[in-house]
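> Sequence plus predicted model, see below.
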Amino acid sequence: MLAADSNTARFHSLALLFIAVVTTGILYQFYWIFLLPVALAAVMLAFLSLDKLMLITVVATPLSINLTETPLGIGVSLPAEPMMFGIMLLFFLKLLLDGRLDKRIMRHPVSILIYLSIGWMIVTTVTSTMFLVSLKSTIARIWFVTVYYFLAAHVFAEFENIRKFIWLYLLALLVVIGYTLFGFVAGGMTEKIAHVCMTPFYNDHTAYGAALAMFLPPVIAMIFDSRSSIAERILTFLVFAILILALVFSYTRAAWVSIAGMAFCYLIFLFRVHTRIVFAVAAVVLIYILFSWTEIIIRLESNTERSSTDYREHLGSIANISTDASNVERVNRWLCALRMFNEKKFFGFGPGTYQFQYGKFQHNDEKTIISTNFGTVGSSHSEYLGPLSEQGLPGMILFMVLLLLVIIYASKYIIRSDNKQGKLFAKGILLGLTTYFIHGLLNFFLDTDKASVPFWGFIAALTALQVYHFKEKSA
């Protein structure tokens with residue numbers, strides 16, 4: 001009886017405290033106080049089921065708004081990034097309390113490369129030319145990797161969670177697609193409006209196009225999943241059709257190129273071309289480019305096609321590096337990254353510093369109408385040259401080796417496993433990642449939640465498939 005009275009007293013005390021806090025918030029016009037119940041629910045859910053909170057954050061990511069795009073001007077994506085940071089802290093807390101992590105995940109070669117990559121980011125943060133900028137960038141990378149690789153890989157021990165991960169991001173992305181297409185039509189269906197109608201959810205059409213391209217192969221895989229019902233497969237096909245429509249009207253040339261490259265990679269899988277042949281052909285192409293560089297540049301500079309609503313002209317403008325401002329500016333950013341690397345070859349300028357440092361490396365004859373005099377905005381437009389300029393040669397090598405390991409181990413799983421559903425999803429997810437590997441030649445998005453969540457989540461899914469869902473082929 002006394003215990004019951006004590007619990008009742010505690011409940012009444014907490015209720016009165018909550019009412020007092022909310023009333024104070026209303027009196028001082030701090031209306032964000034109404035988010036307190038949501039925050040408390042999230043904290044309770046985190047302690048009861050951290051994996052469910054992680055999956056909820058997947059839904060929040062495409063719908064999150066970066067406050068740099070608002071009058072507040074704060075570089076935080078709400079609500080996704082604070083949720084990720086909180087999940088990371090809780091993950092480390094649980095690790096300290098029970099220490100139960102699957103050694104097969106933690107010792108996987110891909111995991112080891114991630115440790116080395118993060119370790120090098122920490123080193124280059126210490127040597128950074130802008131310590132606080134690099135510290136923020138490194139912490140952000142740590143919470144992306146912690147939540148969407150290490151935690152996600154454990155969550156994906158249950159195969160159905162891989163499907164949930166894909167669908168949860170897709171459902172939110174479909175909302176963004178609807179918003180974007182409505183804005184595109186309302187704005188007159190011009191190329192100019194196509195570049196901005198996805199804001200404030202995605203900062204521009206290239207990041208939006210990258211997400212669309214990444215999820216296209218997994219959706220195709222789910223269409224062919226024989227364990228799904230006919231209704232589910234029809235629904236998945238409709239989602240596939242919407243993604244194609246959204247890709248076409250995104251006017252994102254890099255995404256189109258990545259889809260074409262992904263299709264070529266699929267043919268390699270389909271015809272089981274030996275790895276040695278792939279590397280031999282790649283070497284021949286690279287040698288040809290090196291010895292024919294001058295001739296290639298002359299031909300590219302003779303291309304005068306510009307970005308346009310006309311799809312033929314828009315496709316033709318991909319190779320225009322003479323008059324297309326977007327392409328010429330890309331070349332400008334790449335050259336700046338190479339000059340930055342030339343000045344600091346080993347440690348680089350520090351994670352996240354490119355956008356603040358590249359301005360002084362611009363040459364007047366390489367600037368475009370969209371260049372900034374002080375070079376204070378924008379990225380390196382390359383997932384490979386970005387680390388090269390910010391983390392030196394070791395940073396770029398570690399990133400490229402990581403991608404290579406992901407491809408090698410996922411390919412081994414696809415070849416050796418007898419888990420038909422697992423192999424189907426592995427193909428779709430690997431091809432989805434391939435679109436981003438190709439897209440990364442032209443753009444840089446891994447400092448954002450929109451790209452990092454599917455990127456690290458897909459890598460976690462491939463690792464989990466190898467660890468938890470491998471079935472050896474019978475002899």
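That came through fine.
> which stretches of the stretch 351-475 of the chain have low pLDDT?
Low-confidence segments of the stretch 351-475 of the chain, defined by pLDDT under 70, span residues 373-377, 472-475.
> Which parts of it are helices?
Along the stretch 351-475 of the chain, the segments classed as helices by DSSP state H, counting those that start in this stretch run 354-357, 385-416, 420-439, 449-468.
> Can you lay out those as a markdown table showing distance to Leu78 and mean neighbour count?
Yep, even glycine has a C-beta here, placed from its N, CA and C like the rest. Below are those laid out as a markdown table (distance: least, C-beta to C-beta, whole Å; neighbours: other C-beta atoms under 10 Å):
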| stretch | distance to Leu78 | mean neighbour count |
| --- | --- | --- |
| helix 354-357 | 21 | 22 |
| helix 385-416 | 25 | 20 |
| helix 420-439 | 24 | 23 |
| helix 449-468 | 10 | 25 |
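> would TSV of those with distance to Phe131 be doable?
Formatted as TSV, those follow (distance: least, C-beta to C-beta, whole Å):
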stretch	distance to Phe131
helix 354-357	12
helix 385-416	13
helix 420-439	30
helix 449-468	22
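> Out of those helices, flag the one nearest Pro79.
With C-beta to C-beta as the measure, helix 449-468 is the member of those nearest Pro79 (10.4 Å).
> relative orientation of that closest one and helix 385-416 in degrees?
Counting by axes from the mean of the first three to the mean of the last three C-alpha atoms, to 10 degrees, helix 449-468 lies at 30 degrees to helix 385-416.
> For Ala80, see how far away the closest residue to Leu446 other than its chain neighbours is.
Closest residue to Leu446 apart from its sequence neighbours, by C-beta to C-beta, 6 or more residues apart in numbering: Ser452 at 5.6 Å. From Ser452 across to Ala80, the span is 10 Å (C-beta to C-beta, to the nearest Å).
> Leu462 now?
Separation of Leu462 from Ala80 (C-beta to C-beta): 23 Å.
> before we move on, what about Val147?
10 Å.
> do Ala210 as well
In terms of C-beta to C-beta, Ala210 sits 17 Å off from Ala80.
> Hmm, Leu465 and Tyr413 touching each other?
Yes: under the criterion of C-beta atoms under 8 Å, Tyr413 makes contact with Leu465 at 5.9 Å.
> shared neighbours of those two, anything?
Residues touching both Tyr413 and Leu465 by C-beta atoms under 8 Å, 6 or more residues apart in numbering: Gly422, Ala426.
> excluding its backbone neighbours, what's nearest Arg330?
Using C-beta to C-beta, 6+ apart and skipping residues adjacent in sequence, the residue nearest Arg330 is His381, 4.7 Å away.
> Strands along this structure, start to end?
Using DSSP state E, the strands of the chain run over 65-66, 77-78.
> so of these, which one's packed in deepest?
Each of those was scored by mean neighbour count; the highest is strand 77-78, a mean of 20, by mean count of other C-beta atoms under 10 Å.
> Just the mean pLDDT for it, thanks.
The average of the pLDDT scores along strand 77-78 is 79.
> Repeat that for stretch 234-243.
Averaged over stretch 234-243, pLDDT sits at 96.
> Only alpha carbons, please: show that stretch as CSV.
Output in CSV follows, covering the C-alpha atoms of stretch 234-243 (Å, rounded to 0.1, in the frame of the first residue of the first chain):
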residue,chain,number,x,y,z
ILE,A,234,3.3,-4.5,-58.0
LEU,A,235,3.6,-1.8,-55.4
THR,A,236,7.4,-2.0,-55.6
PHE,A,237,7.1,-1.7,-59.4
LEU,A,238,5.1,1.5,-59.0
VAL,A,239,7.8,2.9,-56.8
PHE,A,240,10.3,2.0,-59.4
ALA,A,241,8.3,3.9,-62.0
ILE,A,242,8.1,7.0,-59.7
LEU,A,243,11.9,6.9,-59.2
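> Going by neighbour count, list what's buried in it.
Applying a neighbour-count criterion of 16 or more other C-beta atoms under 10 Å, one finds Thr236, Val239, Phe240, Ile242, Leu243 buried in stretch 234-243.
> Throw those into a markdown table and include distance to Phe437, thanks.
Formatted as a markdown table, the buried residues of stretch 234-243 follow (distance: C-beta to C-beta, whole Å):
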| residue | distance to Phe437 |
| --- | --- |
| Thr236 | 24 |
| Val239 | 23 |
| Phe240 | 22 |
| Ile242 | 24 |
| Leu243 | 19 |
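> between these, which is nearest Trp143?
Once C-beta to C-beta is applied, the member of the buried residues of stretch 234-243 that ends up nearest Trp143 is Leu243, at 28.1 Å.
> isn't the closest one right up against Gly209?
No: taking C-beta under 8 Å as the definition, Leu243 is not a contact partner of Gly209, at 10.8 Å.
> Now Thr125: closest residue in space that isn't a chain neighbour?
Per C-beta to C-beta, 6+ apart, closest to Thr125 is Ser134, 4.1 Å.
> Just confirm that neighbour contacts Tyr354, I think it does.
No: using C-beta under 8 Å, Ser134 is not in contact with Tyr354; the gap is 10.8 Å.
> how near is Ser258 to Tyr148?
21 Å.
> cool, His469 as well?
Using C-beta to C-beta, His469 is found at 19 Å from Tyr148.
> Look at these two and report which has more neighbours.
Set His469 next to Tyr148 and count neighbours by other C-beta atoms under 10 Å: Tyr148 wins out with 29 against 21.
> So for this structure, the centremost residue is which one?
Nearest to the mean C-alpha position of the chain, by C-alpha atoms, centre = their mean, lies Ala451 at 1.8 Å.
> Now do the same contact list for that one.
Ala207, Ala210, Ala211, Tyr436, Phe445.
> could you redo the last one with a cut-off of 10 Å?
61, 144, 202, 207, 210-211, 214, 383, 436, 439-440, 443-445 (C-beta atoms under 10 Å, 6 or more residues apart in numbering).
> okay, those in CSV with distance to Ile223 next?
Formatted as CSV, the contacts of Ala451 follow (distance: C-beta to C-beta, whole Å):
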residue, distance to Ile223
Thr61, 24
Phe144, 29
Tyr202, 25
Ala207, 26
Ala210, 22
Ala211, 19
Met214, 16
Glu383, 29
Tyr436, 21
His439, 23
Gly440, 26
Asn443, 28
Phe444, 31
Phe445, 27
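> Considering the residues you listed, which possesses the most neighbours?
Counting by other C-beta under 10 Å, top hit in the contacts of Ala451: Ala211 with 30 neighbours.
> separation between it and Asn203?
Following C-beta to C-beta, the distance that separates Ala211 from Asn203 is 12 Å.
> Equivalent analysis for His195, please.
11 Å.
> where do the contact lists of those two overlap?
In contact with both His195 and Asn203: no residue, using C-beta under 10 Å, 6+ apart.
> Endpoints of stretch 333-352, how far apart?
15 Å (C-alpha to C-alpha, to the nearest Å).
> Can you point out the buried residues in that stretch?
Per 16+ other C-beta under 10 Å, stretch 333-352 contains these buried residues: 333-337, 340-341, 344, 347-352.
> got JSON lines for those residues, with distance to Ser111 too?
Output for the buried residues of stretch 333-352, formatted as JSON lines (distance: C-beta to C-beta, whole Å):
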{"residue": "Arg333", "distance to Ser111": "32"}
{"residue": "Trp334", "distance to Ser111": "31"}
{"residue": "Leu335", "distance to Ser111": "35"}
{"residue": "Cys336", "distance to Ser111": "33"}
{"residue": "Ala337", "distance to Ser111": "28"}
{"residue": "Met340", "distance to Ser111": "30"}
{"residue": "Phe341", "distance to Ser111": "28"}
{"residue": "Lys344", "distance to Ser111": "29"}
{"residue": "Phe347", "distance to Ser111": "24"}
{"residue": "Gly348", "distance to Ser111": "24"}
{"residue": "Phe349", "distance to Ser111": "28"}
{"residue": "Gly350", "distance to Ser111": "25"}
{"residue": "Pro351", "distance to Ser111": "20"}
{"residue": "Gly352", "distance to Ser111": "24"}
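> I appreciate the help and will end here.
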